[in-house]
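S.K.: sequence plus the predicted model coming up.
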Amino acid sequence: MKHTLSVLVEDEAGVLSRISSLFARRGFNIESLAVGPAEKSGISRITMVVPGDDRVIEQLIKQLYKLINVLKVQNVTEVPCVERELMLLKVNATSSTRSEIVELSQIFRARVVDVAEDSVTLEVVGDPGKMVAIVQVLQKFGLKEIARTGKIALTRESGVNTELLKSLEAKVS
């Protein structure tokens, strides 16, 4: 199972290196990693997606707390969250396929950010499932390049679990 961890750290040199070294020593892979400033000056939020069962993740969290500069670690996998990812996607485009690509991208609320003679570059923002879906749809045109940020997540203060609402909605339909 994939787990999403939100880690607050002091914004100092070497923090990310110590965290990645911890994972490497334990033989764990980080599937997605996003780092940026948090709500307070001098603090950064690291959001990472890590594969493993509950017992393994619990051990990793304990190990993270032992590192210098780690302030808070939260497993937000089962917590109602707002999750987003950013992807830039360069798609092969000819004059005859360009309009179809733009039309399909609008379904996913993707923005065209560059047009060249033989390609279109799109900006896509959304949950990780949306990223997979648009890549599958545009695959037939040929993908030149993809750059993804990795997942970022914040817990929902409202406590509303949109995944639960989606599953209930699907059952009603």
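M.R.: Here it is on my side, so go on.
S.K.: those helices in this protein, which residues are they?
M.R.: Listed in chain order, the helices of the chain (DSSP state H) span 15-26, 54-65, 98-107, 128-138, 162-172.
S.K.: would you mark the buried spots in the shortest one?
M.R.: Translated: helix 98-107. Taking 16 or more other Cβ atoms under 10 Å as the basis for neighbour counts, the residues of helix 98-107 that come out buried are 98, 101-102, 104-105. To be clear about C-beta, it is placed using only N, CA and C from the backbone, and glycine gets the same treatment.
S.K.: look up the pLDDT of residue 166 for me, please.
M.R.: We note a pLDDT of 54 for residue 166 in this prediction.
S.K.: which helices and strands does the longest strand anywhere in the chain pack with?
M.R.: If you go by DSSP state E, the chain has its longest strand at strand 81-92. Judged by 3 or more Cβ pairs under 8 Å, 6 or more residues apart in numbering; DSSP states H and E, the packing partners of strand 81-92 are strand 119-126, helix 128-138, strand 143-148, strand 152-155.
S.K.: of these, which shows the lowest average pLDDT?
M.R.: strand 152-155 (a mean of 91).
S.K.: domains for the protein, by residue range?
M.R.: Domain assignment of the chain by automatic domain parsing yields the ranges 2-78, 82-153.
S.K.: can you tell me how far the residue nearest to the spatial centre of the chain is from residue 30?
M.R.: Of all residues in the chain, the one closest to the mean position by Cα atoms, centre = their mean is residue 151, 1.4 Å from it. Remark: distance between residue 151 and residue 30 (Cβ to Cβ, to the nearest Å) = 11 Å.
S.K.: do residue 136 as well
M.R.: 24 Å.
S.K.: before we move on, what about residue 137?
M.R.: When Cβ to Cβ is the yardstick, residue 137 and residue 30 sit 28 Å from each other.
S.K.: for this structure, give me the ranges with low pLDDT.
M.R.: Within the chain, the ranges that satisfy pLDDT under 70 run 159-173.
S.K.: of all the helices and strands packed on strand 81-92, which one comes closest to residue 70?
M.R.: Put simply, out of these the one that sits nearest residue 70 is strand 152-155, at 17.6 Å, with distance taken as Cβ to Cβ.
S.K.: which neighbours does that closest one have in its sheet, and in what orientation?
M.R.: Taking DSSP bridges as the criterion, strand 152-155 sits next to strand 81-92 (antiparallel) in its sheet.
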